[in-house]
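Asks: Coordinates for the following, if possible.
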Amino acid sequence: MDSYTPKIRVGIFGGAGYTGGELIRLLVHHPEAEIVFVNSESHAGKAVTDVHEGLYGDTDLLFTADPLWTKTDVVFFCFGHGKSAAFLAKHSIPDSIKIIDLAQDFRLAAPGNDYVYGLPELNRASIATARHVANPGCFATCIELALLPAAQLGLLNDDVAVNAITGSTGAGQKPSATTHFSWRQNNISVYKPFSHQHLPEIYQSLQQLQSDLTANIDFIPYRGDFARGIFATTVVRTEKDIAEIAEAYRTFYADTPFTHCVDTPPDLKQVVNTNKALVHVEKFGNKLLITSCIDNLLKGASGQAVQNMNIMFGLDETAGLQLKATAF
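Replies: You can find the predicted model right below:
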């Protein structure tokens, strides 16, 4: 008789937002996980499907205000930025429970911060033994995956130009002036140029591979007229031969199940509704153009969080994440 392996018992805080909804969507069908509670103080007692209507027929879960600590192996924090640290200051979580935080509260190294930065393509070994993981930001994930092999080659010696456009879900579920349909439709705009909050974690990650990095990452983010996805173009000045660069990129990502180097420039629909990142490199004179794209809610948030959970519990890294792109 086959031995029974209990499923990982999962709790989700802040379950009413976009990232919480995506976690539920992934985990209700995860072969090795079971959701034991979804916390939302504002929706406590309501059916999850009252908020996440796309889950009709997939779950009968109710939102709860009270966590079931004694029945939980891992919790996901889907709070707004700053609220994870505030929650932990008020609550004592048993040491046996692992934490994956999707906010930016613990992404930067600091004294007393034991959270591992959860980019598997960079920190897989550390994630595997971690009790606490800080999930990367969505823009940060897309840009880091574009630049990590270049950093390993020591190519980031001049200012790096990054332009990236994101879907409206990147702004969260709470309505605002710039997510209103009539404003966003047929529109595009720049926001937080050169000052986006994900820049510090990008520098931190690149410096793991190029410790002498002093180049500026000149990042211009754009709001896009679509719901999901991030599409980034990055320009690095270098005299190194493109064949050597392309081989370094293929080698760097050879053993990563979700990040793929592709021979032709990718488009956004190839990654939407997947946990994939696609990366393409080509050269124009001394300018290396790197194109990268992800789904901001999956590889940029909830999908990567599940990927980290899989690594932390020694599961197949792709479990629950074998998703097909919408394509058309």
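
Asks: Quick check, residue 145 in contact with residue 280.
Replies: No: the criterion here is CB atoms under 8 Å, and residue 145 misses it with residue 280 at 11.5 Å. In short, each C-beta sits where N, CA and C put it, glycine included.

Asks: of the two, who's got more company?
Replies: Set side by side, residue 145 and residue 280 show unequal neighbour counts under other CB atoms under 10 Å, the larger going to residue 145 at 28 against 20.

Asks: Okay, domains of this protein per the record?
Replies: 8-135+301-313, 138-294 (the TED database).

Asks: So which residues of the stretch 1-150 of the chain form helices?
Replies: Counting by DSSP state H, counting those that start in this stretch, the stretch 1-150 of the chain forms helices over residues 18-27, 48-51, 83-90, 120-128, 138-152, given from the N-terminal end onward.

Asks: Hmm, I typed the wrong one, I wanted the stretch 151-300 of the chain.
Replies: Taking DSSP H, counting those that start in this stretch, the helices of the stretch 151-300 of the chain run over residues 181-184, 199-209, 242-252.

Asks: Mind exporting the C-alpha coordinates of the second one to PDB?
Replies: This file holds the C-alpha atoms of helix 199-209, laid out as PDB (Å, rounded to 0.1, in the frame of the first residue of the first chain):
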ATOM      1  CA  LEU A 199      14.500  49.800  -7.700                       C
ATOM      2  CA  PRO A 200      16.200  49.100  -4.400                       C
ATOM      3  CA  GLU A 201      15.500  45.300  -4.600                       C
ATOM      4  CA  ILE A 202      16.600  45.300  -8.300                       C
ATOM      5  CA  TYR A 203      20.000  46.800  -7.300                       C
ATOM      6  CA  GLN A 204      20.300  44.400  -4.400                       C
ATOM      7  CA  SER A 205      19.700  41.400  -6.600                       C
ATOM      8  CA  LEU A 206      22.100  42.500  -9.400                       C
ATOM      9  CA  GLN A 207      24.800  43.200  -6.800                       C
ATOM     10  CA  GLN A 208      24.700  39.600  -5.800                       C
ATOM     11  CA  LEU A 209      26.200  38.800  -9.200                       C
END
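
Asks: Run the angle between that helix and helix 242-252 for me.
Replies: Here helix 199-209 runs at an angle of 100 degrees relative to helix 242-252 (axes from the mean of the first three to the mean of the last three CA atoms, to 10 degrees).

Asks: now the angle between helix 138-152 and helix 199-209, please.
Replies: Using the same axes, to 10 degrees, helix 199-209 lies at 20 degrees relative to helix 138-152.

Asks: Which residues does helix 199-209 contact?
Replies: Contacting residues not belonging to helix 199-209 are listed as 104, 107-109, 117, 119, 122, 136-137, 140, 143-144, 147-148, 151-152, 156, 213, 217, 219 [CB atoms under 8 Å, 6 or more residues apart in numbering].

Asks: PyMOL command for the buried members of those?
Replies: The PyMOL command for the buried members of the contacts of helix 199-209 (criterion: 16 or more other CB atoms under 10 Å) is given here:
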select buried, resi 104+107+117+119+122+136+137+140+143+144+147+148+151+152+156+213+217+219
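
Asks: could the helices of the stretch 1-150 of the chain be laid out in a markdown table, adding mean pLDDT and distance to residue 326?
Replies: Supplementary listing: the helices of the stretch 1-150 of the chain in a markdown table, determined by pLDDT from 0 to 100; distance: least, CB to CB, whole Å:
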| stretch | mean pLDDT | distance to residue 326 |
| --- | --- | --- |
| helix 18-27 | 95 | 14 |
| helix 48-51 | 94 | 22 |
| helix 83-90 | 93 | 31 |
| helix 120-128 | 98 | 24 |
| helix 138-152 | 98 | 18 |
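
Asks: and residue 77, which of those is closest to it?
Replies: Between residue 77 and those, the tightest spacing by CB to CB is seen for helix 83-90, at 4.6 Å.

Asks: Can you point out the buried residues in that closest one?
Replies: Under the neighbour-count criterion of 16+ other CB under 10 Å, helix 83-90 has 83, 84, 87, 88 buried.

Asks: picking up where we left off before, deepest of the helices of the stretch 151-300 of the chain, which one?
Replies: Here the criterion is mean neighbour count by mean count of other CB atoms under 10 Å, and of those the winner is helix 199-209, at a mean of 19.

Asks: Convert the C-alpha atoms of stretch 259-278 to CSV, please.
Replies: Coordinates of the C-alpha atoms in stretch 259-278 are reproduced here as CSV (Å, rounded to 0.1, in the frame of the first residue of the first chain):
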residue,chain,number,x,y,z
THR,A,259,12.2,31.4,-17.3
HIS,A,260,13.0,30.7,-20.9
CYS,A,261,15.4,32.4,-23.4
VAL,A,262,13.7,32.6,-26.8
ASP,A,263,15.2,33.1,-30.2
THR,A,264,12.6,35.7,-31.4
PRO,A,265,11.3,38.8,-29.6
PRO,A,266,8.4,37.7,-27.3
ASP,A,267,4.9,39.2,-27.1
LEU,A,268,2.9,39.7,-24.0
LYS,A,269,0.2,37.1,-24.8
GLN,A,270,2.8,34.3,-24.6
VAL,A,271,3.0,34.7,-20.9
VAL,A,272,-0.4,36.0,-19.7
ASN,A,273,-2.1,33.5,-17.4
THR,A,274,1.2,31.6,-16.9
ASN,A,275,4.1,31.6,-14.4
LYS,A,276,6.6,32.0,-17.3
ALA,A,277,9.1,34.7,-18.0
LEU,A,278,10.4,35.0,-21.6
